[in-house]
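[1] no letters, just coordinates:
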């Protein structure tokens, strides 16, 4: 197994409501969104979750961090700060999953966002996938011929 | 390369490397280790290498008011080697009275490949305090898919933290322990859940072990 089969994909989401919502409400919603996204991997043995982590920014120093590192789909959550009553939250998701292409992962994220849009927890919820940052290159580039093979992929991909 | 003058000028800060596969708990342990060291009056610098166009851990640390040096956009084991060396040299040249450099490579990096860049900065391999974080919930991955990475990681480690022990049964912890001792019977092993209060023995090791 070459470790470089874990494709890094970044999603930047903007979540908003027409009302100010509590941190706990945003936490519950984002947790649910990630669960829906992850469940699509967990249901298929083909996919291997390396690490899917998300940072929801609530204020200058306030955040919620979500982390899932195996196919059980369990998500660890860490809170910092307790910003109350905000109507917009930016979420960055860094997804490292094996055996998936970027477009497929994006479709899964869109499906997860769609599933959450009718949430009754948050009033008039809007979810915008602002950007799907493409790695400009594959993450391993080992072109220095003077040195030995890349120790991760053994230059298998070069 | 670290100049001879620099070598003579001052005592170099300790380097602690937090190694381990994706999601093993490297960031969490590093954050807690910083707290322990800062409480002991130690001045620390943080270097992080994350895969992906946008970092999560570096943002988190900045929100916690830490200054972080990013090695960004590639895996430090190959594309970022030169950047790592330059970053360490920059710290050595500009940060006075620095006690520790804490470095968290990407979970995809083979620690073996990081050592030359650190050695080029004037360190001996034996100077590198490599804390290998072993996610006990992923025993099968290490046993079946990443045997070589696991062996390489253990060979270089100064200690092992078997993490997430609250999520598995005792027999899995025993298996993890045996996997470590089969390769490195001499290695110091800490078993804990990093998200909880760290074991006092680890705290003592961290302060005392690298002094």
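    Arrived safely, thanks for sending. This is a predicted model, so every value here is computed, not measured. Numbers count the residues shown, from 1 in each chain, chains lettered A, B, ... in the order given.
[2] residue of chain B closest to chain A, please.
    Using CB to the nearest CB, residue B:23 is the residue of chain B that sits closest to chain A, at 2.3 Å. No exception for glycine: its C-beta is placed from N, CA and C like everyone else's.
[3] the residue nearest to residue A:22 when sequence neighbours are not counted sits in which helix or strand?
    Nearest residue to residue A:22, sequence neighbours excluded (CB to CB, 6 or more residues apart in numbering or on different chains): residue A:84, at 5.9 Å. Under the criterion DSSP states H and E, no helix or strand holds residue A:84.
[4] would you agree residue A:84 is in contact with residue A:21?
    No - assessed by CB atoms under 8 Å, residue A:84 is found out of contact with residue A:21, at 9.2 Å.
[5] of these two, who's got more company?
    residue A:21 (23 against 13; other CB atoms under 10 Å in any protein chain shown).
[6] tell me if I'm right that that one and residue A:58 touch.
    No - in this structure, residue A:21 is not within contact of residue A:58 by CB under 8 Å, at 10.4 Å.
[7] now the helices for chain A?
    A:23-42, A:102-116 (DSSP state H).
[8] burial count for residue 51?
    Went with chain A since none was named. By other CB under 10 Å, neighbour count at residue A:51 equals 23.
[9] nope, chain B
    For residue B:51, using other CB under 10 Å, the count is 28.
[10] what of residue B:177?
    Neighbour count of residue B:177, defined by other CB under 10 Å: 16.
[11] from what I can see it touches residue B:162, true?
    Yes - using CB under 8 Å, residue B:177 is in contact with residue B:162, at 6.9 Å.
[12] mutual contacts of these two, please.
    B:189, B:191 (CB atoms under 8 Å, 6 or more residues apart in numbering or on different chains).
[13] below-threshold pLDDT in chain B: ranges please.
    B:1-10, B:52-53, B:72-80, B:209-211 (pLDDT under 70).
[14] what's the helix or strand for residue B:30?
    Element membership for residue B:30, per DSSP H and E: helix B:26-39.
[15] list the buried residues for that helix?
    B:26, B:27, B:28, B:29, B:30, B:31, B:32, B:33, B:34, B:37 (16 or more other CB atoms under 10 Å in any protein chain shown).
[16] assess the claim that the last one and residue B:44 are in contact.
    Yes - distance between residue B:37 and residue B:44: 5.4 Å, which falls inside the contact criterion (CB under 8 Å).
[17] now for these two: what residues contact both?
    B:99, B:100.
[18] hey, which strand is longest across chain A?
    Longest strand in chain A, counting residues (DSSP state E): strand A:6-21.
[19] coming back round to it: could the helices of chain A be laid out in TSV, adding mean neighbour count?
    Output for the helices of chain A, formatted as TSV (neighbours: other CB atoms under 10 Å in any protein chain shown):
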stretch	mean neighbour count
helix A:23-42	19
helix A:102-116	16
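[20] mind giving me CSV with those and columns for mean pLDDT and distance to residue B:125?
    Formatted as CSV, those follow (pLDDT from 0 to 100; distance: least, CB to CB, whole Å):
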stretch, mean pLDDT, distance to residue B:125
helix A:23-42, 92, 38
helix A:102-116, 92, 38
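[21] let me have the ones you listed in CSV, extended by distance to chain B.
    As requested, the helices of chain A are arranged in CSV below (distance: least, CB to the nearest CB, whole Å):
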stretch, distance to chain B
helix A:23-42, 12
helix A:102-116, 12
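[22] picking that back up, buried ones in the longest strand of chain A?
    Quick answer for strand A:6-21 (16+ other CB under 10 Å): A:6, A:7, A:8, A:9, A:10, A:11, A:12, A:13, A:15, A:16, A:17, A:21.
[23] ok, and of these, which contact chain B?
    A:6, A:8, A:9, A:10, A:12 (CB under 8 Å from any CB of the partner chain).
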